[in-house]
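1. Sequence below, structure please.
(4 chains)
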Protein chains: 2
Amino acid sequence: MSQPKIRNMEDFASVSGISRPTLSKYFNDPASVRSSTRARIETALERFDFHPNIYAMNQNRRLTKNIGIVVPNLSDPFFAEMARNIENWVIKAGFRPVLLGSHGDPEQEIENLDNLRLIKPAGVLMAPLGRMSLASRIASFCEDVPTVLFDSNIDDIGEAFVGSNNVQSVCLIVDYLCRTGQPPAFFEMKTPANPNAFKRRTTYVRAMEELGHEPRLIQVDGEGWNLEEIGFREGTKVLSEGKLPTDTILCSNDRLAIGVLSAAYQLGFKVGIEGDCDLRVAGHDDHPFSRYTCPTLTTVSQDYEVIAEKSAKTLFGLIESEKRAEQRTVTMLDGKLVMRGSA
Amino acid sequence: MSQPKIRNMEDFASVSGISRPTLSKYFNDPASVRSSTRARIETALERFDFHPNIYAMNQNRRLTKNIGIVVPNLSDPFFAEMARNIENWVIKAGFRPVLLGSHGDPEQEIENLDNLRLIKPAGVLMAPLGRMSLASRIASFCEDVPTVLFDSNIDDIGEAFVGSNNVQSVCLIVDYLCRTGQPPAFFEMKTPANPNAFKRRTTYVRAMEELGHEPRLIQVDGEGWNLEEIGFREGTKVLSEGKLPTDTILCSNDRLAIGVLSAAYQLGFKVGIEGDCDLRVAGHDDHPFSRYTCPTLTTVSQDYEVIAEKSAKTLFGLIESEKRAEQRTVTMLDGKLVMRGSA
DNA sequence: CAAATAAATTTACGCGCGTAAATTTAAAAT
DNA sequence: ATTTTAAATTTACGCGCGTAAATTTATTTG
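-> Here you go, the predicted model:
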């Protein structure tokens, strides 16, 4: 009848008739207590619905079941989706995801790591900001906490890296574009905030040279993460000036491409692969929205389901082995060409 | 030279020469100690870079500087943007934002609140899932923690609500569409997951009737939050069947509209307001991407900067007053018509 | 300069839980 | 039934910090 209020494990110990240390063991690992006691605990649990205070747990346990997830920017649907995928794997493996976004700010990124330290995570999955990242401070974090990087690599930091093979994927799309029409110019930001951008630029240049074409970089102004806006604004400039050396634009990422497509549409360019089109536009990443652009965006997929799965499982492996990786593994997943309407 | 490792406030007390209770006071409120001691602490702080363990603080303080932010779905750019805005206000006010997404899952929503309880937040800003929300459990949370709802209202829950006035905004766009062309049909999901949907439907019906037109609901199948996909798939069906009673479609939200626009484009419909167009499409929300669709999406803005500011400041007011609102305030912000290319 | 006031220090306990050691109890093996 | 072994209980302390009470020290006031 009168349910006494359960405020802590002590209270729950008295109402369940199980000692607190045993309860503590149970909550850490239900399999670590005898099945008969486990049953008693679980029936009591149903009646009283008690949850131990995870933060008090974190404070004392040498190692928790927390797994930190740090991404550069949660407002970017690409990272939001990636994070969601990873969270699912983390939960499925019996861990507790703690998601933090860095708002594109290196200081915030370090602060996120500092905060994670306090909850003593079993491990961390991190997509670093990239060049902007305060690498040495991340490195010192990684010495204390097993960390797997994804999306953007930083040399020698973390136990492993899982990401897409930008060299392969950029070569792939450059090759495709050259086979099917005029060789592409490369549309990117002069000072890109997002990771991977430099690698893509240099790969573009090399790929073009190898195919015997002259690389053409369109490096536009703009700061920050509002990439569609930058793509639109600068795309409008570039297209309306009308001195494009080619009818094909390869954008450094899909978000820029979305802006460029919008600019092209408004300027009356017909974008696509049919004979009567003025312009081809391609992107990179297979952003969640790229299948709804007009025309749909031809791009290279980063298989983020696989990146999520692989990076998560790599981390779980490290955690289970209870030792650090003897050797840093770098996994580069090949991108797949996603042929849609725009190029 | 040899910096001793500062592990806790005790350590910092010895190196700084300030007693731990005084340090504790300082970290809670720097202004609460004499300026001379404050200076001493701060110089020591520069040398040793000590941060108190926020979770240990949370455990003991009656009230913390944490403010919980709960949104239905972090992968939705609308909520991601909203959350980012609110976070900024929270930081500016000297609080600490703790952002949690519910993944569209009512259970997760409650779990988020349970987890927030543990960090004893000074207050919570919450955009509930809406109809799906387990209202009574949210209500009991709100009894313990000052909570301001935003975006989606639940009757009598929380100290205040700040959101957009769906009646006003839907009337506005219906009126606009009727003035400028054929009266719109209303495109929505049969069983929408997102909040506000029912209110928009009923308002559409009423607005149409008041203007002397027959309301036409296009209620499509689909579950979950993948709204662009649903808009695209079902939009394709509706448009290709060709039995639309009107050339104007008002979508319940921008994400559906983005899908519909994409479908229209692929089926060769010319969308827009010019004379030679086959179709007009309008949305609702002024989603971050709606200015990059082709054509750009005519919609009604939810002024989320203002919603973010107003809801945050309402909460700060409550917290400062240290008492509960005598009366639940409901703020409905008028939407503004955003006339773009699609309708 | 003494008295009054304000602020810092010392001491001590609490938060909710982890965890180790010693002890008791229950289950499994002989 | 007795010994062996495993698991639960009791007891006690620790994590990093908040906080209250008593005391000491510093500052302000008259």
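
2. burial of A:Pro121, as a residue count?
-> 26 (other C-beta atoms under 10 Å in any protein chain shown). In this view, the C-beta of every residue, glycine as well, is placed from N, C-alpha and C.

3. Look up how far B:Leu239 lies from it.
-> 49 Å (C-beta to C-beta, to the nearest Å).

4. And for A:Ile6?
-> From A:Ile6 over to B:Leu239 (counting by C-beta to C-beta), the distance is 57 Å.

5. ok, now A:Ser140?
-> 57 Å.

6. more neighbours, the two?
-> B:Leu239 (20 against 13).

7. Which residues of the stretch 51-200 of chain A lie near DNA strand C?
-> A:Pro52, A:Asn53, A:Ala56, A:Met57, A:Gln59, A:Asn60, A:Arg61, A:Arg62 (C-beta under 7 Å from any atom of the strand).

8. what's the closest of those to B:Cys251?
-> Closest approach between those and B:Cys251, by C-beta to C-beta: A:Asn53, at 44.6 Å.

9. Show the contacting residues for the residue nearest to A:Gly272 when sequence neighbours are not counted.
-> Distance criterion C-beta to C-beta, 6 or more residues apart in numbering or on different chains; nearest residue to A:Gly272, sequence neighbours excluded, is A:Pro295 at 5.0 Å. Residues near A:Pro295 by C-beta atoms under 8 Å, 6 or more residues apart in numbering or on different chains: A:Leu261, A:Val271, A:Gly272, A:Arg340, A:Gly341, A:Ser342, B:Tyr265, B:Gln266.

10. Any chance of a ChimeraX selection covering the buried ones in these?
-> To isolate the buried ones among these in ChimeraX, judged by 16 or more other C-beta atoms under 10 Å in any protein chain shown, type:
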select /A:261,271,272,340,341,342 /B:265,266
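
11. Would you point out the most distant pair within the contacts of A:Pro295?
-> A:Leu261 and B:Gln266 (14.1 Å).

12. Give the buried residues for the helix or strand of chain A with the lowest mean pLDDT.
-> Using mean pLDDT, DSSP states H and E, the weakest-scoring helix or strand in chain A turns out to be helix A:54-60, at a mean of 90. Buried residues in helix A:54-60, defined by neighbour count with 16+ other C-beta under 10 Å: A:Ile54, A:Tyr55, A:Ala56, A:Met57, A:Asn58, A:Gln59.

13. Report the next helix or strand after that helix in sequence order.
-> strand A:66-71 (DSSP states H and E).

14. now the angle from the next helix or strand after that next one to helix B:77-92?
-> Where DSSP H and E defines the elements, the next helix or strand beyond strand A:66-71 is helix A:77-92. Calculated by axes from the mean of the first three to the mean of the last three C-alpha atoms, to 10 degrees, helix A:77-92 forms an angle of 90 degrees with helix B:77-92.

15. what helices or strands is helix A:77-92 leaning on?
-> strand A:66-71, strand A:96-101, helix A:304-321, helix B:77-92 (3 or more C-beta pairs under 8 Å, 6 or more residues apart in numbering or on different chains; DSSP states H and E).

16. So which bits of that helix are buried?
-> So helix A:77-92, judged by 16+ other C-beta under 10 Å, has buried residues A:77-90.

17. and the one residue in the stretch 101-250 of chain A that gets nearest to DNA strand C, what does it touch?
-> Relative to DNA strand C, the nearest point of the stretch 101-250 of chain A is A:Lys120 (9.8 Å; C-beta to the nearest atom of the strand). By C-beta under 8 Å, 6+ apart, the contact set of A:Lys120 is A:Asn58, A:Arg61, A:Arg62, A:Leu63, A:Thr64, A:Asn66.

18. again, 6 Å this time
-> For A:Lys120, the contacting residues are A:Asn58, A:Thr64, by C-beta atoms under 6 Å, 6 or more residues apart in numbering or on different chains.

19. Tell me which helix or strand it sits in.
-> A:Lys120 belongs to no helix or strand, assigned by DSSP H and E.

20. picking up where we left off before, would you mind reformatting the helices and strands packed on helix A:77-92 (as TSV) and adding columns for distance to B:Arg216 and mean pLDDT while you're at it?
-> Formatted as TSV, the helices and strands packed on helix A:77-92 follow (distance: least, C-beta to C-beta, whole Å; pLDDT from 0 to 100):
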stretch	distance to B:Arg216	mean pLDDT
strand A:66-71	42	96
strand A:96-101	41	94
helix A:304-321	39	93
helix B:77-92	26	93
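
21. Let me know which of those is the nearest to DNA strand D.
-> DNA strand D lies closest to strand A:66-71 among the helices and strands packed on helix A:77-92, at 15.9 Å (C-beta to the nearest atom of the strand).

22. which residues are in contact with the closest one?
-> Contacts for strand A:66-71 (C-beta under 6 Å, 6+ apart): A:79, A:83, A:86, A:90, A:95-101, A:112, A:116, A:119, A:121-127.

23. how about 7 Å then?
-> Contacts to strand A:66-71, defined as C-beta atoms under 7 Å, 6 or more residues apart in numbering or on different chains, come from residues A:58, A:79, A:82-83, A:86-87, A:90, A:95-102, A:109, A:112, A:116, A:119, A:121-127.

24. what's the burial count for A:Met132?
-> 17.

25. what's the spacing between it and DNA strand D?
-> 29 Å (C-beta to the nearest atom of the strand, to the nearest Å).

26. Quick check: closest non-adjacent residue to that residue.
-> A:Pro106 (4.9 Å).
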